[in-house]
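*Asks:* Take this sequence and fold it.
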Amino acid sequence: MAENPKLFAALLNGVLRRVFENDQSITPEFLKEQIFAEEDVSVDEISQLSEVSAKVMAQAAYKNWDLSKLETLLKNSPFSEVQQEIFIRFWKLKKPDLHEKILNKCKWNDSLLQFSWRIDVKTKSRKFNSLTEPTAIIELNVGKHDIPSDDPRNNLFRFEMTKDQLSDTLKQIESIENTLASFNNQE
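*Replies:* Coordinates of the predicted model:
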């Protein structure tokens, strides 16, 4: 069943839409009608294949598996060699998007949506004879990941930083980065 690479790839796309995009219109009956209409495959067989595909896809996405881990699991699965090859190609293309979707589902609080900056230097004028210290103008757009960044429900923060303030901030960010790296090394 589903030895045709194009048909199995279409089934995997349907499973992706049902599981990760919550598209409830993707049912085994729909897959039979749209993908396997000319094939001698029962709805039950399609249902079983899509369930196994969904479990493997979800587990791989939630655990952010690399290709070698997925290949190992697929070798011990009911998939044929052709289906395994299609699944691996599918995973190469879709892994970043699937993992991002899972991360976005886990975000309950606001996130940094956009970060921009520029350097301002005030020049000489009639009132001031000398140049002043340059300042960094920072702009942070903070809000929900599932609404556009320019939506009024998101917050835009703009502030200035001197060279010393920026240096202190970068040291704190480096400390955060080192702490996160130490957690990754423990795994």
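*Asks:* Pull out the buried residues from the helix or strand hosting Ile173.
*Replies:* Secondary structure assignment for Ile173, by DSSP states H and E: helix 163-186. Within helix 163-186, the residues that qualify as buried are Leu166, counting by 16 or more other C-beta atoms under 10 Å. Bear in mind the C-beta positions are built from the backbone N, C-alpha and C, glycine included.
*Asks:* Return the distance of the lowest-mean-pLDDT helix or strand in the chain from the chain's centre.
*Replies:* Every helix and strand of the chain was ranked by mean pLDDT, DSSP states H and E. The lowest is helix 81-106, at a mean of 87. On the basis of C-alpha atoms, centre = their mean, to the nearest Å, helix 81-106 sits 11 Å off its chain's mean C-alpha point.
*Asks:* Tell me the first helix or strand C-terminal of it.
*Replies:* Once the chain leaves helix 81-106, the next helix or strand it forms, by DSSP H and E, is strand 111-120.
*Asks:* Which residue comes closest to Ile138 once chain neighbours are left out?
*Replies:* For Ile138, ignoring the flanking residues on the chain, the nearest one in space by C-beta to C-beta, 6 or more residues apart in numbering is Trp117 at 5.1 Å.
*Asks:* Around that neighbour, count how many other residues there are.
*Replies:* 11 (other C-beta atoms under 10 Å).
*Asks:* That one contacts Ala136, correct?
*Replies:* Yes: Trp117 is within contact range of Ala136, at 5.8 Å (criterion: C-beta atoms under 8 Å).
*Asks:* Which of the three states applies to Glu158?
*Replies:* One thing to correct before we go on: residue 158 is Arg, not Glu. At Arg158 the chain is in strand, as set by DSSP: H, G, I helix; E, B strand; the rest coil.
*Asks:* Tell me, how many residues neighbour it?
*Replies:* The number of residues packed around Arg158, counting by other C-beta under 10 Å, is 10.
*Asks:* hmm, back to that, who are the neighbours in contact with the residue nearest to Ile138?
*Replies:* Residues counted as contacts of Trp117 (C-beta atoms under 8 Å, 6 or more residues apart in numbering) are Ala136, Ile137, Ile138, Glu139.
*Asks:* Check Leu11 too.
*Replies:* By C-beta under 8 Å, 6+ apart, Leu11 lies in contact with Ala2, Leu31, Ile35, Ile46, Leu49, Ser50, Ser53.
*Asks:* Going by neighbour count, which of those residues are buried?
*Replies:* Of the members of the contacts of Leu11, the ones counted as buried by neighbours, 16+ other C-beta under 10 Å, are Ala2, Leu31, Ile35, Ile46, Leu49, Ser50, Ser53.
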